[in-house]
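**Q** all I have is the shape, not the residue letters:
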């Protein structure tokens, strides 16, 4: 057996797998020409989130864009997080989407930021409303708003998440600093950041014939993302569950390949 | 009717409004597509629905911000984005001649009379019995009556489903400078609106001038609510409106500020609408596009002295109960129908009106978000 060739082949195979597998995890089969930069998801402790549970609500307390806001959207401006459903054969502009948060007023126009509230949608809720249709992928976008201006959607920062078995993994995006963006939810500014009561079907009663003075629901102020909000299940910084398994196998093959090559060298005398 | 922060004489204002209202060329408003969700009805709720659909002017998004192919579209009760009504030549405050503006509810259909008010909207909905819904929902500032619910049941819809989206303080509005006392009780209002008390001295005021009581148009939920409250204050006997009462477009500050004697005019008025007015949302219509806009203010106060009339009423969205069971997704690739996406999704994720974004839209419209899914059928009420 030609050990050097086997070693080289093993090494080549290890390198191929080692580089191919992360590439598969990072490969997104579409490009969005309107994407201007990336979104970084952050927990309330200022750590980047690159994976998590789809049931975590909200998806991330803080979402920070990498692209500076256009001139008209730098003062008193807002940012809103939306999720979109990539569908093969359709342009990104034709994908269906849903607001994951309300608007946030950001103070860092170099990094427009969304501050989510505890009652904002989880990724799991979005995926129930819009099941993934293309490789388990969901695209996140942040749209900007400003007083007396149209919502700015010509360019937007994005992140692409892969959803699988109740977990999401970022496959494109992120990498920004979680201290670069600051915002507060508009709902908090307006004083309406209450935890919604579950929808309930009312019990019919004999009509009174006149409108009933209705009582306002008790509002419970919700903590904003700038305060300590625990996102305990979604801290997985640095990679998803796939990489350790693949990384370990890659290392093993690499070592095997190198050892075969080393054995072939003639002993120096 | 032209409105600015300066007071205008009623005569000049009315002539200008009439000249604008007559001979206007037909213009093409949006005509919803087949799968859009279309609403009509209440004047009081229209700005809330507009913001829910398209967001407000401060960068708060609405449902349509996502850019989905099928949209939420709400036709105002009034034919003017400043919430003003339009009238025919010859109209006076004492004798209103409505223009009856029209709208195209769906692309490919003819113009029809624009439903103006909760009652008009609910009536239109109950008459919309074709295979394809033209009107999907109604904005309403009152609950549907038993008769309206029965009609919907007889239509095969399972009744009218009611969702409360907010509360709103209905009070008596007067001009900033007014002869009205600080408080007008429901009992005093019974006397005023039956024209048995015609001067301010009869109701605790000091002026001897003649009161001008104004009431919203027929078909208005505000009118219905107000009359029901007067009835309750009158020993549960209907109040017959006297000849001194003038009919005006509801929630229009100009009805008071351009009355023959603004200091003597009063009207039931939405607190939320006044909030929106005083936020500067509405602009002087004499200023052309491209010039610096001039914000309007209401020029009103809401009487809130001890014992003052107050109805903290709900503001509602009403739709066919059967729509909750539809298996047609609202959006391509989606799983929820439009009713569950937008208004009611018991046991599921929050409908848009009850999300953070939706509640911010409602608050931006001047109202207090207060979501409750009240159900459907005869006797439906909200707590």
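**A** Received, thanks. Here the structure is a predicted model, which means the values were calculated and not measured.
**Q** is chain A contacted by the top strand by length along chain B?
**A** In chain B, assigned by DSSP state E, the strand with the most residues is strand B:160-175. Yes - residues of strand B:160-175 contacting chain A under Cβ under 8 Å from any Cβ of the partner chain: B:162, B:164, B:167. (Glycine included, C-beta is placed from N, CA and C.)
**Q** so which of those sits lowest on pLDDT?
**A** For the residues of strand B:160-175 next to chain A, the least confident position by pLDDT is residue B:167, scoring 95.
**Q** stretch A:98-112: which residues count as buried?
**A** Residues of stretch A:98-112 classed as buried under the neighbour-count rule (16 or more other Cβ atoms under 10 Å in any protein chain shown) are A:98-106, A:108-109, A:111-112.
**Q** same question for stretch B:289-308.
**A** B:296, B:297, B:298, B:299, B:300, B:301, B:302, B:303, B:308.
**Q** how long is it end to end?
**A** Using Cα to Cα, to the nearest Å, the gap from the first to the last residue of stretch B:289-308 comes to 41 Å.
**Q** that one - what's its average pLDDT?
**A** The average pLDDT for stretch B:289-308 rounds to 93.
**Q** show me what that stretch is in contact with.
**A** When contacts are defined by Cβ atoms under 8 Å, 6 or more residues apart in numbering or on different chains, stretch B:289-308 is touched by residues B:3-5, B:7, B:82, B:169, B:171-176, B:178, B:180-185, B:253, B:256-257, B:266, B:269, B:271, B:274, B:277-278, B:280-284, B:287, B:309-310.
**Q** buried members of the residues you listed into PyMOL, please.
**A** To isolate the buried subset of the contacts of stretch B:289-308 in PyMOL, counting by 16+ other Cβ under 10 Å, use the following:
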select buried, chain B and resi 3+4+82+169+171+172+173+174+175+178+180+181+183+184+185+253+256+257+266+269+271+274+277+278+281+282+309+310
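**Q** filter the contacts of stretch B:289-308 down to the ones in strands?
**A** Within the contacts of stretch B:289-308, residues falling in strands by DSSP E are B:169, B:171, B:172, B:173, B:174, B:175, B:266, B:269, B:310.
**Q** spell out the secondary structure type for residue B:191.
**A** In three-state terms, and counting by DSSP: H, G, I helix; E, B strand; the rest coil, residue B:191 is helix.
**Q** tell me the contacts of it?
**A** The contact partners of residue B:191, by Cβ under 8 Å, 6+ apart, come to B:197, B:202, B:203.
**Q** distance check, the second one against chain A.
**A** Read that as residue B:202. The gap separating residue B:202 from chain A is 26 Å, by Cβ to the nearest Cβ, to the nearest Å.
**Q** so which strand or helix has the closest residue to chain A within the stretch 51-200 of chain B?
**A** Using Cβ to the nearest Cβ, the single residue of the stretch 51-200 of chain B nearest to chain A is residue B:59, 2.6 Å away. Using DSSP states H and E, residue B:59 falls within no helix or strand.
**Q** what's the burial count for the closest residue to it other than its chain neighbours?
**A** Counting by Cβ to Cβ, 6 or more residues apart in numbering or on different chains, the nearest residue to residue B:59 once its immediate chain neighbours are dropped is residue A:145, at 2.6 Å. Residue A:145 has 27 neighbouring residues, counting by other Cβ atoms under 10 Å in any protein chain shown.
**Q** ditto for the one 10 residues further on
**A** By the criterion of other Cβ under 10 Å, residue A:155 has 15 neighbours.
**Q** that one against residue A:67, yeah?
**A** Yes - at 7.1 Å, residue A:155 counts as touching residue A:67 under the criterion of Cβ atoms under 8 Å.
**Q** hmm, residue B:329 is touching residue B:335, no?
**A** Yes - using Cβ under 8 Å, residue B:329 makes contact with residue B:335 at a distance of 5.9 Å.
**Q** the two: which is more packed in?
**A** Set residue B:329 next to residue B:335 and count neighbours by other Cβ under 10 Å: residue B:329 wins out with 19 against 16.
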